[in-house]
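K.L.:
Take a look and give me a structure for this.
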Amino acid sequence: MSALETETATETRTGTGAAAPAGGDGGRLLPLLPTTLAGFADCDETDLTVVVPWTGPAIDPETGLLRGPLPDRYLISASSGWPKPDAEETTADMIQVLIREGRQKYGMLAATFAYSERCWHSAKGLSLWRDEESMRAFVQSADHVVAMRKTMKVMYAWESTHWVATDTARLPTFAEGKARLSEVRRDHPVR
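P.N.:
Presented below is the predicted three-dimensional model:
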């Protein structure tokens with residue numbers, strides 16, 4: 001069986017390289033846990049579901065679309081994480097910190113989050129920032145540092161990247177974020 005095939009079993013094995021239980025699906029197991037970052041990232045997220053639609057000052061809350069053109073130059077940040085079982089609350093807390101603090105204090109223009117149960121409950125985020133200084137100020141803020149410390153304790157793996165964008169009329173997609181992460185990924189063993 002390949003690492004991405006799903007198996008059914010009556011016994012749940014845990015730890016790196018073992019099958020992990022999927023939530024509420026009658027005993028089906030997720031694919032074997034990868035031992036590297038690339039192993040997690042290479043999963044085909046055919047079930048990727050947006051759990052927080054685009055939100056932020058650049059987004060019309062009624063339509064979920066851009067209120068108007070984005071700045072001529074802005075920053076896009078993409079992140080992916082693979083939480084250990086029962087880490088949903090910590091992951092949700094991190095999302096709330098980004099939305100609340102990024103939006104109110106640091107020049108975040110917009111953010112969205114998605115989830116794939118099929119791929120070890122992967123959590124995806126895309127955020128748009130006025131500029132790199134705004135994003136870095138948020139990343140170095142006390143709220144973000146505390147949230148990331150908690151988050152890293154409950155993740156098998158986490159990765160992020162950012163890039164400058166100039167398309168003033170279109171929001172990025174999770175597929176674009178995944179491609180950008182793949183371009184810069186330095187594979188390593190995961191815990």
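
K.L.:
next SSE after the helix or strand encompassing residue 80?
P.N.:
Per DSSP states H and E, residue 80 falls inside strand 74-83. Moving toward the C-terminus from strand 74-83, the next helix or strand (DSSP H and E) is helix 88-97.

K.L.:
mind listing what's buried in that following helix?
P.N.:
Of the residues in helix 88-97, 90-91, 94-95, 97 count as buried by neighbour count, 16 or more other C-beta atoms under 10 Å. In this view, the C-beta of every residue, glycine as well, is placed from N, C-alpha and C.

K.L.:
Kindly report the same for stretch 95-106.
P.N.:
Within stretch 95-106, the residues scored as buried using 16+ other C-beta under 10 Å are 95, 97-99, 101-103, 106.

K.L.:
State the mean pLDDT of that stretch.
P.N.:
Averaging pLDDT along stretch 95-106 yields 74.

K.L.:
Pull the distance from that stretch to the chain's centre.
P.N.:
15 Å (C-alpha atoms, centre = their mean, to the nearest Å).

K.L.:
cool, stretch 70-88 as well?
P.N.:
4 Å.

K.L.:
now do stretch 50-68
P.N.:
18 Å.

K.L.:
can you check stretch 151-164 too?
P.N.:
The answer for stretch 151-164 is 7 Å, by C-alpha atoms, centre = their mean.

K.L.:
who's in contact with the residue lying closest to residue 79 once chain neighbours are set aside?
P.N.:
In this structure, residue 79 finds its nearest non-sequential neighbour in residue 160, 3.8 Å apart by C-beta to C-beta, 6 or more residues apart in numbering. Applying C-beta atoms under 8 Å, 6 or more residues apart in numbering to residue 160 gives the contacts 77-80, 181.

K.L.:
repeat that with 7 Å
P.N.:
77-79 (C-beta atoms under 7 Å, 6 or more residues apart in numbering).

K.L.:
just to revisit the earlier point, reformat the buried residues of helix 88-97 as JSON lines; add distance to residue 156.
P.N.:
Listed next are these as JSON lines, based on distance: C-beta to C-beta, whole Å:
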{"residue": "90", "distance to residue 156": "13"}
{"residue": "91", "distance to residue 156": "12"}
{"residue": "94", "distance to residue 156": "15"}
{"residue": "95", "distance to residue 156": "18"}
{"residue": "97", "distance to residue 156": "21"}
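
K.L.:
ok, so of these, who is nearest residue 168?
P.N.:
Of all the buried residues of helix 88-97, residue 168 sits closest to residue 95, with 26.0 Å by C-beta to C-beta.

K.L.:
and which of the contacts of residue 160 is nearest residue 86?
P.N.:
Using C-beta to C-beta, residue 79 comes nearest to residue 86 of the contacts of residue 160, at 20.6 Å.
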